[in-house]
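Peer 1: have a look; sequence and predicted model below, questions after that.
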Number of protein chains: 2
Amino acid sequence: MKAYIDCYPCFFNQTIKTARRITKDEKKIWEILNQVSKFIPQIPFGATPPEIGREIYRIISEQTGVEDPFQEIKKDCIQQALSLYPEMRKKRDSSRDPLMTAIRLSIAGNVIDFGTSRTFDLEKDVRQILSQDFAVCDYDEFLRGLEKASRILYIADNAGETVFDRFLLEVLPVPITYVVRGQAIINDATKEDARISGIEKEAFIVSSGCDAPGTIMNLCSEEFSEMFRSADLIISKGQGNYEGLSEEPLPIFFLLKAKCGVIAEDLGVEKGSIVLKKSSQIN
Amino acid sequence: MKAYIDCYPCFFNQTIKTARRITKDEKKIWEILNQVSKFIPQIPFGATPPEIGREIYRIISEQTGVEDPFQEIKKDCIQQALSLYPEMRKKRDSSRDPLMTAIRLSIAGNVIDFGTSRTFDLEKDVRQILSQDFAVCDYDEFLRGLEKASRILYIADNAGETVFDRFLLEVLPVPITYVVRGQAIINDATKEDARISGIEKEAFIVSSGCDAPGTIMNLCSEEFSEMFRSADLIISKGQGNYEGLSEEPLPIFFLLKAKCGVIAEDLGVEKGSIVLKKSSQIN
């Protein structure tokens, strides 16, 4: 999905939000905004939001000397999520359709996001999503895909959301490769975040090699690209991965909450919707 | 008032909003955003929002070839305001304090604004402001100022709001010079707008010579600057004039609705508040 014109002001909102985590110096933040402002026009029309976001967060790090401003927040989110784990696991296991409940829980974890202008209340949002109607729900196709798949590539999104991914990983019937970012970017999950979240018990963790807040194929490692191209079923979590992968000709199921208006429009759903959407490659 | 860092994304929101009035070509709008993006870092830290806005709207005009995208809208707003005039005039005249009601009505007209992200419903907003509490109300000082003033300089804001200014102009006890922008910018009032609104009956209309969406002293004509510096009472309408004049050492009363969070913060009031605020030069 290419960046829409409405992404433009959002890039500056994200810059302000992140820079304010690092410094209270308004003049310094203005200078960072100026750097971002000089950079964006160099990007070709048609670039995806994570490609642009990657550079913006690089500029913030360069200008402030702080490489990973979300390190502590990520740990906090994982702990918050872990505290909900036992109760939510019970909810899944006692539900009529544990796989469906697991999908919902996995999407619910997607509310943990520091890249959008939205704020969240983890516990409240999770409970709400557990009873929210899907705007798109390609569940039958997902079940058919599962039957045929010998291995699943599961592309993770944010730290903390990783704990919610476990609910789904635990009930998927085939081996899973769990893909995280190549390095810290916003609050996106890295290998360490996945480990602290307890993913290792359920899946083999690999890095995509990508340092953008999403999966951009030409920024991924060759090793991951091969894995990706040969996968028979891919689960893609969250907005950043959707933005990077929505036009890839591969058998992907996108699981996300449409937290911003632009993504909602691209998906043809209302803002705030939850979706389980197959890519156009899946009949 | 210098531009705050939160003005930064708003400049891009304004660009999108205005460009969309002119074209549906997303690529063209992206190019306009890129031009704005290249321009803003050239502005010195500490510039006021109208100084920056002036250049942004100039870029939009240059890039689209449309000099005055708000021409029709301004006429519509004036007509809408004129249709409310008879009823509101009666309201003022039958009120306990017609001067205070006139001040309220003049502020109510300030909801007509296409430079902020806010939308408005003129009739509804006017009725609401008629009973809204002031967050700042230096009315006693205003009355004392009126007693001493031999002439008032009234700095207008937007077309349509001009009609609402008449309620106040009609009850002010001394001659008034009514100041409009030097040329069309956003929906700010020009001489023609003031005339169509019926201002000529009540005041002498002059141009500030300024082509920014606010009053920036170093962009005003020498003639107006002299008038301004020698005035014994100045009424400044709206956000743009406040942004340009808030630090000028002159006897100004600011009448406005704080439609954006940044202005509200600068005034120390809640967003949405109405104020009649004296400048620091007035005891």
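Peer 2: Perfect, I can see it now.

Peer 1: send the alpha carbons of the helix or strand where A:Asp140 lies over as CSV?
Peer 2: Element membership for A:Asp140, per DSSP states H and E: helix A:139-148. The C-alpha coordinates for helix A:139-148 follow below in CSV (Å, rounded to 0.1, in the frame of the first residue of the first chain):
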residue,chain,number,x,y,z
TYR,A,139,-12.3,-17.5,8.2
ASP,A,140,-13.5,-20.3,5.9
GLU,A,141,-10.6,-19.6,3.5
PHE,A,142,-8.2,-19.5,6.5
LEU,A,143,-9.4,-22.9,7.6
ARG,A,144,-9.0,-24.3,4.1
GLY,A,145,-5.5,-22.7,3.9
LEU,A,146,-4.6,-24.3,7.3
GLU,A,147,-5.6,-27.8,6.1
LYS,A,148,-3.2,-27.6,3.2
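
Peer 1: and for that helix, what are the contacting residues?
Peer 2: A:99-100, A:103, A:152, A:172-174, A:232-233, A:251, A:253, A:276, A:278, A:282-283 (C-beta atoms under 8 Å, 6 or more residues apart in numbering or on different chains). C-beta coordinates here come from the backbone N, C-alpha and C atoms, glycine included.

Peer 1: buried residues of that helix, list them for me.
Peer 2: By neighbour count, with 16 or more other C-beta atoms under 10 Å in any protein chain shown as the criterion, the buried positions of helix A:139-148 are A:Tyr139, A:Glu141, A:Phe142, A:Gly145.

Peer 1: also stretch A:269-281?
Peer 2: A:Val269, A:Gly272, A:Ser273, A:Ile274, A:Val275, A:Leu276, A:Lys277, A:Lys278, A:Ser279.

Peer 1: again with stretch A:57-75
Peer 2: A:57, A:59-61, A:63-64, A:66, A:68-71, A:73-74.

Peer 1: A:Arg229 and B:Phe204: what is the separation?
Peer 2: Distance, A:Arg229 to B:Phe204, by C-beta to C-beta, to the nearest Å: 75 Å.

Peer 1: what's the distance between the nearest residue to A:Ile112 once chain neighbours are set aside and chain B?
Peer 2: Using C-beta to C-beta, 6 or more residues apart in numbering or on different chains and skipping residues adjacent in sequence, the residue nearest A:Ile112 is A:Gly160, 4.1 Å away. To chain B, A:Gly160 is 26 Å away according to C-beta to the nearest C-beta, to the nearest Å.

Peer 1: and A:Ser221, by the same measure?
Peer 2: Taking C-beta to the nearest C-beta, one finds A:Ser221 at 31 Å from chain B.

Peer 1: mind listing what the residue lying closest to that residue once chain neighbours are set aside touches?
Peer 2: Excluding its sequence neighbours, the residue lying closest to A:Ser221 (C-beta to C-beta, 6+ apart) is A:Gly209, at 2.9 Å. Neighbour list for A:Gly209: A:Gly182, A:Leu219, A:Cys220, A:Ser221, A:Glu223, A:Phe224 [criterion: C-beta under 8 Å, 6+ apart].

Peer 1: which stretch of helix or strand covers A:Gly209?
Peer 2: Per DSSP H and E, there is no helix or strand for A:Gly209.

Peer 1: quick revisit: surely the residue nearest to A:Ile112 touches A:Phe70?
Peer 2: No: using C-beta atoms under 8 Å, A:Gly160 is not in contact with A:Phe70; the gap is 10.7 Å.

Peer 1: neighbours of the residue nearest to A:Ile112, just the number please.
Peer 2: Using other C-beta atoms under 10 Å in any protein chain shown, A:Gly160 is surrounded by 28 other residues.

Peer 1: residues contacting it?
Peer 2: A:Gly160 touches A:Lys74, A:Cys77, A:Ile78, A:Gln80, A:Ala81, A:Gly109, A:Ile112, A:Leu122, A:Asn187, A:Ser197, counting by C-beta under 8 Å, 6+ apart.

Peer 1: give me the ChimeraX select line for these, limited to the buried ones.
Peer 2: The buried residues among these can be selected in ChimeraX (16+ other C-beta under 10 Å) with this line:
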select /A:74,77,78,81,109,112,122,187,197
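
Peer 1: residue ranges with poor pLDDT in chain A?
Peer 2: A:116-118, A:283 (pLDDT under 70).

Peer 1: ok so, going back, and which of the contacts of A:Gly160 is nearest to chain B?
Peer 2: A:Asn187 (20.5 Å; C-beta to the nearest C-beta).

Peer 1: am I right that that closest one is in contact with A:Thr162?
Peer 2: No: checked against C-beta under 8 Å, the pair A:Asn187 and A:Thr162 is beyond contact range at 10.5 Å.

Peer 1: A:Ser207 against A:Thr177, yeah?
Peer 2: No: if you go by C-beta under 8 Å, A:Ser207 and A:Thr177 don't touch, sitting 10.9 Å apart.

Peer 1: wait, is A:Val179 part of a strand?
Peer 2: Yes: counting by DSSP: H, G, I helix; E, B strand; the rest coil, A:Val179 is found in a strand.

Peer 1: residues near it, how many?
Peer 2: 31.

Peer 1: got it, and A:Cys7?
Peer 2: By other C-beta under 10 Å, neighbour count at A:Cys7 equals 24.

Peer 1: any idea how far it is from chain B?
Peer 2: A:Cys7 is 10 Å from chain B, by C-beta to the nearest C-beta.

Peer 1: what sits against that residue?
Peer 2: Per C-beta under 8 Å, 6+ apart, neighbours of A:Cys7: A:Pro49, A:Ile52, A:Val262.

Peer 1: so who does the most centrally placed residue in chain A touch?
Peer 2: Centroid-nearest residue in chain A, with C-alpha atoms, centre = their mean: A:Asp157, separated by 2.8 Å. A:Asp157 is in contact with A:Asn110, A:Asp188, A:Ala189, A:Lys237, A:Gly238, A:Gln239, A:Gly240, A:Asn241, A:Leu256, counting by C-beta under 8 Å, 6+ apart.

Peer 1: 7 Å instead?
Peer 2: For A:Asp157, the contacting residues are A:Asn110, A:Asp188, A:Ala189, A:Lys237, A:Gly238, A:Gly240, A:Asn241, by C-beta atoms under 7 Å, 6 or more residues apart in numbering or on different chains.

Peer 1: among those, which are located in strands?
Peer 2: For the contacts of A:Asp157, the ones inside strands are A:Lys237, with DSSP state E as the criterion.

Peer 1: want to try CSV for the contacts of A:Asp157, with neighbour count and distance to chain B as columns?
Peer 2: Formatted as CSV, the contacts of A:Asp157 follow (neighbours: other C-beta atoms under 10 Å in any protein chain shown; distance: C-beta to the nearest C-beta, whole Å):
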residue, neighbour count, distance to chain B
A:Asn110, 25, 24
A:Asp188, 32, 22
A:Ala189, 30, 27
A:Lys237, 27, 27
A:Gly238, 29, 23
A:Gly240, 32, 20
A:Asn241, 28, 24
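
Peer 1: so A:Ile103 sits against A:Phe167, correct?
Peer 2: No: under the criterion of C-beta atoms under 7 Å, A:Ile103 is not in contact with A:Phe167, lying 8.6 Å apart.

Peer 1: what about stretch A:25-39 and chain B, touching?
Peer 2: Yes: Stretch A:25-39 comes into contact with chain B (C-beta under 7 Å from any C-beta of the partner chain), by way of A:Glu26, A:Lys27, A:Ile29, A:Trp30, A:Leu33, A:Asn34, A:Ser37, A:Lys38.
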